[in-house]
Structures are given as structure tokens and as C-alpha cells.
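1. What follows is a predicted protein model with its sequence.
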Amino acid sequence: MSFLSSVKKHLTSKKTKIAGASLLFLATALIGTLFIVRASAAPVSTPDCDANSVLWCGAANPAALSDKYDHGDGHNSEASIHNIYNCVGISDTDIWDMGTTSVSGYVTSSGDVYANGMLVATNAITGGRENSSGGGSTAHNCNGTTFWERKPAVTFLNPELSAMVVMKNGVFQFAILNSCGNPVIATPQKPNYSILKQVRAAGTSTYGSNVTVMAGTTVQYQITVSSTGQVPVDDVTARDALPSGIVYTAGTLEENGAALSSSQASAFFGSGITLASIKNGSKVVFTFNAVAGPNETYANCTPGTLNNEGYITSPVLPGGSSGATVNKQCQSPPKVTLTCNQLTLTPGTIDDQGNQTYTLVATASAQNATITGYDFNFGNGQSKTVATGATTASTTNVYAPGTYAPSVTVTATANGQTYKESSTNCTGSLTVKPLPQPVIACDELTLTAGTADVDTGDTPYTLVATGSATNATITGYVFNFGDNSQNQTITTGDTTATTTHTYAPGTYTPSVSVVATANGKTYTVSGAKCTGSITVGAPTPSTYACDDLTATATDSADASGNVTYALAAAAEATNATITGYTFTFGDSSQAQSVTTGDTTANVTHTYAPGSYTAQVTVTVKLPDGTTKQVTSAKCSTPITVATPTPTCTSPTNGQTYPVGSTECNAAPTCTSPTTGQTYPAGSSECNQPPASTTATVLVNTGPGQTIALFFGTVVVGFFGHKIILSRRNRRARAESK
């Protein structure tokens, strides 16, 4: 059984409680004298350098504790220290964080634990490395290290021992005794809270769960947030949700009687106002004014029930709510009614002499009449008239310290008559006190990391500081980023301030101080709550590559020689996201993009005959939102489409052959009618008439006939020869054409 389990059993066992009580009584009787001798006005923190100490000579502060925890204390090993703390549920992180999580406190011999002077836990159990001679100790083996647990009354020689007390959201977690480093666990005192919302008509004195008023009447709401637990309740968020028909009167929101700013009012009626801490048994009271059915007359008024809810939330407690109801009624015409409903007195700034500015807001309603103005009597011998037809009028006046009874009279006209109305609702009382002491606090510093730069690891952080001031005015915040950069001052009167800063890899301790003014003086306040820790790790590199591009013909060439190719791309990415591929085909066509997060992408493209180089570029998105384009030699591929061979028809045999072949270039031929042989087409041999097959027999004549025949033959031969030459010339001219 672990030490933590045995302690829980010890605290819940009736027999153990009885035996413990008896033992405590005997131990108290035996060492009473020692208590008298050694008791002191303050908790004891003198180092115990003995064998019972978990840490030899203890630890004066969290830094010393962490050092001994990490390296041993010179007498006890680091492992044994770890074993004992871990055995009672205290982790490494718990120890290392104590610089920011622990506060000063002490543990009493009766078993009570105090932090910052407040009781935060009871029934304490502590222990050490040795068994107590007084008895009442229980041994535990913590991973080979022996450890004894017991009540403080068994071994405490002083009424109170100082301790480093760790709290979380106002609840006790554990404590470490300064003198010896011995751990302490106990039963935490629990926080609790409640909310009560009430309402009353302006000018009345009693709040209740509901109120009935006429439309246009100012009502006053009161929200009481009470701390009902054993310890203060921290980080309580209070807010209000106004229903339709109820309109907040600007400038009237107060917290415990102190006016809140317009930005605080916006938060209160929105996400809420956070109260850093409410002491147990204490309460915070919010009050504000609102108008039920503003600007409604008897002609357009609708009676109804308007419920207004207030809410509280806390990181460690369930939320709560409370409502108050306004029953809105309507005036009946035609009676003229003029009412001075309310005079609110809102305190403002105080100068360094203690003079305070007050805002006086008068609210009036009129039925069947027109409001024309308000006569303010400031109660200090001064007055002012505000001419307005509105249902509200405001003015300011500066009051010296003292008590005053300001009042207002409202004026209206109806049917040519003037009406004046004043009432106890429009008579107030205010007291300007001497200058109060300011209370200024730096309540919180939150650190929110942004997106780290993927290459350098540089990380932007949002730093939000929260401050509070009572009887003082916040004027700004000074941020120390914890690195070598210059401090940043933000001038603002808000309860929060926000800035950003980029950190390189490393560990930093940023802090912030609140600057406020009061009574003519400037104050600068910081604290543990406004000091944080940031660790920026080294960047995780992003890798990405274009791995491959293949081109595959999907069919044979068409009549024009065009071929369609399928292009397939492959890529990879680590710590990055593939978003698409862009294919360029290497011809005159436009590039084609494929939007996909896959590691592959495919497209088709038809190429005309020729040589090309196709390429693909991969687009990736890095963690910081930037994009990169990447390609490689692997993602480029050549493509060649062959040019088709032209053909021709042979003039000799009518068959098809490649252009330029001898078959297509042979000259046409013809056959000679005289010889029967083949000659080129158009030659004279092909154009001669066929030879005669019958021999000519000459007539046997005498000498005279022979001479006559000779001359006749010569004449015929001459003219025949002329005819042949004439035909040859015509043929030659025809061939030349």
C-alpha cells in the first residue's frame, strides 16, 4: 500500500482517529514543557540536519529544494528523495514548478496548514526517514526507501513549522517543511460561493425577487456574490444577461459601491468580470440601473414580465445563477403624469486634493406631457439647468470632502401648461471622504503560443496581463519578455493588456508589472502571478520532393500522326501537405493543374509529330501556411512522336511506293508501231506510220517515159519531203510546250 493510500485510510478510519487523538493527547502532555520552552511568535524554520530529514538541513526556498531534489543533498541520494516524494503523490513537475506555485505558510503541531496567514487544510500527516520514539508512526517502503508517516503532534517540537505550501485554484495540494524537507499532506479546506439577484424600483429602499413598475421606469438591480466555503474562492466570473425590454443605464454599474468603467460594463453584460479572490465569509455586491420599456408611451406600451438572470462561474466549482423579475405595466391615458423617477450619483475622478467629480443622472417619465428640462441643485450652493426633452439628463459637479444632499426637479409642458415635479427619488446623498489608500495588484499573466516557424522554430506568443486597482487608476503595463529584447510599455487604463512577442528556441521567464496612479503618485506592482515560463523547442524540418514522371502512349498514331500519352507523376512530403501538381507538356498547349493531396497524379495529352520534354511541378503547403513548388530531373521526361512517311503511285504500274523511290520517278513509255520496240513516250519512233508490205513494180517504158517519170518522181519527192519537215516541226513545237 502506498503512503498516500495509507494516509487516506488513516484519515477515514474511525479507530485511527480515536487512537491518533489519544496519542496526540499523551504526546502533548509529555512534551508540553518543551513547547513552552521552544515556542516562538513566528513559525520555526531552523534547518534540521539529522537522519530523520528527507532533505539534510531542509530547504529555505523552492530553488534550494529543486537543487537538492535534482542532485541529492550530500547525505541522501537523489533516488531516495524522489522515492519518498513520489510515494506521497508529489511528482517531479510538482517540485520544479514550486517556484511559481508555492506560497509561504506553516504547519501546526495540531495538524492545521496555513498559507499566507490563512487556514487552508486540516488533519495534516507528515513523516521522515526514521521511526519516531514517541510512537504513532507507520513504516512504508517507497521503491526501496523506508519512510515513516505520522501526525505532526508526534514529532513536532514547536507549535508551528514554516513550510512551502502549494495551492491550485485556491485549494491546498501539499506542503514541504523548510527545516527538513519532509512532505505534508492534509484535508483541504474547500471554497464555495452563491449568487443572489434582486431588484427594486428606483428610489425605493427594499430589494426583492420581483418588482412592478410602469414602462419607462428606472429599476435598480443588485447582484450579491458570496464566498460561503472554508477558504477564499478564486477566479470567480460574474455576468448579467439583460432581457429584451430592459435597457442598462450607462455609467451606473458599481462594484461594492465603486463605479466601473464602460469597458468593464461591456464585459459584465457580455463574457463577465473576473474577481481574483473573495475571502471566505465575504461578498461582492454589483448594482446597476436599467429602464424597463424605455421610450414606451401609453400608445405603444405592452405590459409584460421581464426576467433578468445573473450568473457566476469558477474553474473549480459548478456555475450558479439567480433571477429577478420586473413586471412592466403601462400608464393609462389621458391623465398627465410627470414623475422624477430617480437621481443617481456616480462618483468619478479624485484630484490630489481629495476633490471628487460626481456624475448626476436624473431619470424622469411623463405621460401625455413633454419633458423640457431638469433643474439640478447640487446641494453645495450651486445649481444648473439642463434643457432636454429626454427621459434622462446628466451633469457633473466637483465636490470637496464633505456630505451633500443634491436634488433635481423635472419640468414638462402639456396643453400649454408647465409642470414641475420633484420627489424623494430625485433627492440623493453623497459623501466625499478624504483620500483613501490605493490597493494595486498584478493578478495574472497568461501565455498563449501561436504557430511556430517551420524553418527556425521561432514561435509567436500572446501575452495577456490582468491587473486590478482599488482607489487607484491603472495607467499601463510594462512587459519584460525574458530575453534580450527591450521591455514594452502599453499605456491603457483597462484591467487587461495584450501584446505579442516571438521567441527563438530556448527557455524564458517573461513577467509584467502594472503601473497605476493614485493621489498624484505613480505605483509599479508585479508579483509571482505575473511571472511565467516559456520553453520553445527546436523546429521539426519539412521535407518534400517530386519523385517521378512517366509518359506512356495510350494508342497508335491517327491519320495525322498524332499520339495520346498518359503522364503519371509521383511525389512525397514529410511534415508538409501536397496540394497539387502542374503539368507542362513541352508543346504550345497550356499547362494543366491537378488539385489533389495524393502522392500521385495523372493526366493525358495528345502530341503532334515532333520531340518534346514534359515536366511536372509539385505544390506543397508547409505547417506555417506558406507554399512551395518543387520539381526535379526525375519529374521531366522526353517524348518523341514520329512523322508519317509520304507515298506516291508509280506511273508505270499504278502501285504505291514511298515518295522519292525509282518506281514513282520512272518516265512513261510507248511502243513503236513500226518496230514494236519500247521507247520514251513522245519519241518519233512511236509516231511513224507502219511499213507497207506490197512491193512497187515500175512500168517498163521507153527513154521518153523514163525521163518524164524521173522528173515526176523528183517533183513528188520534193513536195513529200516538205510535208514531212512541216509535220516534224509542228510535233517539235507541241513537245516543247
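-> The structure has been received and is ready for your questions. Numbering: from 1, shown residues only.

2. Val326 contacts Val211, correct?
-> Yes: using Cβ atoms under 8 Å, Val326 makes contact with Val211 at a distance of 5.9 Å. All C-beta spots, glycine's among them, are computed from the backbone N, C-alpha and C.

3. which residues are common contacts for these two?
-> 199, 219 (Cβ atoms under 8 Å, 6 or more residues apart in numbering).

4. Counting neighbours around each, name which of those two comes out higher.
-> Counted by other Cβ atoms under 10 Å, Val326 and Val211 do not tie: Val326 has more neighbours, with 26 against 22.

5. I figured Ala250 was touching Ser262, is that so?
-> Yes: in this structure, Ala250 is within contact of Ser262 by Cβ under 8 Å, at 6.9 Å.

6. Could you report the neighbour count for the closest residue to Thr456 other than its chain neighbours?
-> Leaving aside its sequence neighbours, Thr456 sits nearest to Pro539 (Cβ to Cβ, 6 or more residues apart in numbering; 6.1 Å). Neighbourhood size, Pro539 [other Cβ under 10 Å]: 18.

7. check contacts around Pro539.
-> So Pro539 contacts 452-457, 505 (Cβ under 8 Å, 6+ apart).

8. What strand or helix carries it?
-> Pro539 belongs to no helix or strand when elements are defined using DSSP states H and E.

9. Give me the distance between it and Asp455.
-> According to Cβ to Cβ, to the nearest Å, Pro539 and Asp455 sit 6 Å apart.

10. Same check on Asp443?
-> Using Cβ to Cβ, Asp443 is found at 37 Å from Asp455.

11. Over to Gly136?
-> Gly136 sits 63 Å away from Asp455, going by Cβ to Cβ.

12. Between the two, which has more neighbouring residues?
-> Counted by other Cβ under 10 Å, Gly136 and Asp455 do not tie: Gly136 has more neighbours, with 20 against 12.

13. so which helix or strand takes in that one?
-> For Gly136, there is no host helix or strand (DSSP H and E).

14. my guess is it contacts Pro152, does it?
-> No: using Cβ under 8 Å, Gly136 is not in contact with Pro152; the gap is 10.6 Å.

15. Spatially central residue for the protein, please.
-> With distances taken as Cα atoms, centre = their mean, Gly450 lies nearest the centre of the chain, 7.4 Å away.

16. Need the pLDDT of the nearest residue to Val231 once chain neighbours are set aside.
-> Nearest residue to Val231, sequence neighbours excluded (Cβ to Cβ, 6+ apart): Gln189, at 4.3 Å. With respect to pLDDT, Gln189 scores 87.

17. next one: Ser661
-> pLDDT for Ser661: 72.

18. what about it, how many residues close to it?
-> Ser661: 13 neighbours (other Cβ under 10 Å).

19. What values do phi and psi take at it?
-> phi -70, psi 160 (degrees, to the nearest 10).

20. so what's it up against?
-> Residues in contact with Ser661, defined by Cβ under 8 Å, 6+ apart, are Cys648.

21. and Ser80, which of the three is it?
-> Classification of Ser80 by DSSP: H, G, I helix; E, B strand; the rest coil places it in helix.

22. Just to check, it is in contact with Asn141?
-> No: between Ser80 and Asn141 there is no contact under Cβ under 8 Å: 11.7 Å.

23. So which of those two has more stuff around it?
-> Ser80 (20 against 13).

24. Next one: the more buried one from Asn131, what distance?
-> Ser80 is 16 Å from Asn131, where distance means Cβ to Cβ.

25. now do Ser314
-> Counting by Cβ to Cβ - Ser314 and Asn131 are separated by 43 Å.

26. Report the mean confidence score over the host helix or strand of Thr524.
-> Element membership of Thr524, judged by DSSP H and E, is strand 521-525. Averaged over strand 521-525, pLDDT sits at 92.

27. Can you get me a residue count around the residue lying closest to Gly402 once chain neighbours are set aside?
-> Spatial nearest neighbour of Gly402, excluding adjacent residues (Cβ to Cβ, 6+ apart): Val432 at 6.0 Å. By other Cβ under 10 Å, 19 other residues sit near Val432.

28. List phi and psi for Val432.
-> phi -100, psi 110.

29. Neighbour count: Ala250 and Ser262, which is higher?
-> Between Ala250 and Ser262, Ala250 has the larger neighbour count (other Cβ under 10 Å), namely 14 against 10.

30. residues in contact with that one?
-> Ala250 makes contact with 262, 265 under the criterion Cβ under 8 Å, 6+ apart.

31. and it, that's in a helix?
-> No: with three-state DSSP as the criterion, Ala250 is coil rather than part of a helix.

32. Helices of the stretch 51-200 of the chain, start to end?
-> 62-71, 78-87, 92-96, 98-101, 152-155 (DSSP state H, counting those that start in this stretch).

33. Turn the ones you listed into JSON lines, including mean pLDDT and distance to Ile246.
-> Below are the helices of the stretch 51-200 of the chain laid out as JSON lines (pLDDT from 0 to 100; distance: least, Cβ to Cβ, whole Å):
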{"stretch": "helix 62-71", "mean pLDDT": "94", "distance to Ile246": "51"}
{"stretch": "helix 78-87", "mean pLDDT": "94", "distance to Ile246": "56"}
{"stretch": "helix 92-96", "mean pLDDT": "95", "distance to Ile246": "48"}
{"stretch": "helix 98-101", "mean pLDDT": "94", "distance to Ile246": "43"}
{"stretch": "helix 152-155", "mean pLDDT": "88", "distance to Ile246": "56"}
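
34. lowest-pLDDT helix or strand in the protein?
-> Ranked by mean pLDDT, DSSP states H and E, the helix or strand of the chain with the weakest confidence is helix 14-38, at a mean of 36.

35. the strands in the stretch 251-400 of the chain, which residues?
-> Listed in chain order, the strands of the stretch 251-400 of the chain (DSSP state E, counting those that start in this stretch) span 254-255, 258-259, 273-278, 283-292, 304-314, 317-329, 337-350, 356-367, 370-377, 383-387, 392-399.

36. Identify the neighbouring strands of the third one in the sheet and state each direction.
-> With DSSP bridges as the test, strand 273-278 is paired with strand 233-241 (antiparallel).

37. in the strand it pairs with, what's buried?
-> For strand 233-241, the neighbour count (16 or more other Cβ atoms under 10 Å) marks 233-240 as buried.

38. try stretch 545-564
-> Buried residues in stretch 545-564, counted by 16+ other Cβ under 10 Å: 545-546, 549, 551, 557, 563.

39. likewise stretch 621-639?
-> If you call a residue buried by 16+ other Cβ under 10 Å, then stretch 621-639 has these buried ones: 621-622, 631-632, 635, 637, 639.

40. and if you look at stretch 494-504?
-> 494-497, 499, 501-503.

41. Dump the residues you listed into CSV; add secondary structure and distance to Ser205 as well.
-> Shown next, in CSV, are the buried residues of stretch 494-504 (DSSP: H, G, I helix; E, B strand; the rest coil; distance: Cβ to Cβ, whole Å):
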residue, secondary structure, distance to Ser205
Asp494, coil, 35
Thr495, coil, 32
Thr496, strand, 36
Ala497, strand, 40
Thr499, strand, 47
His501, strand, 53
Thr502, strand, 57
Tyr503, strand, 57
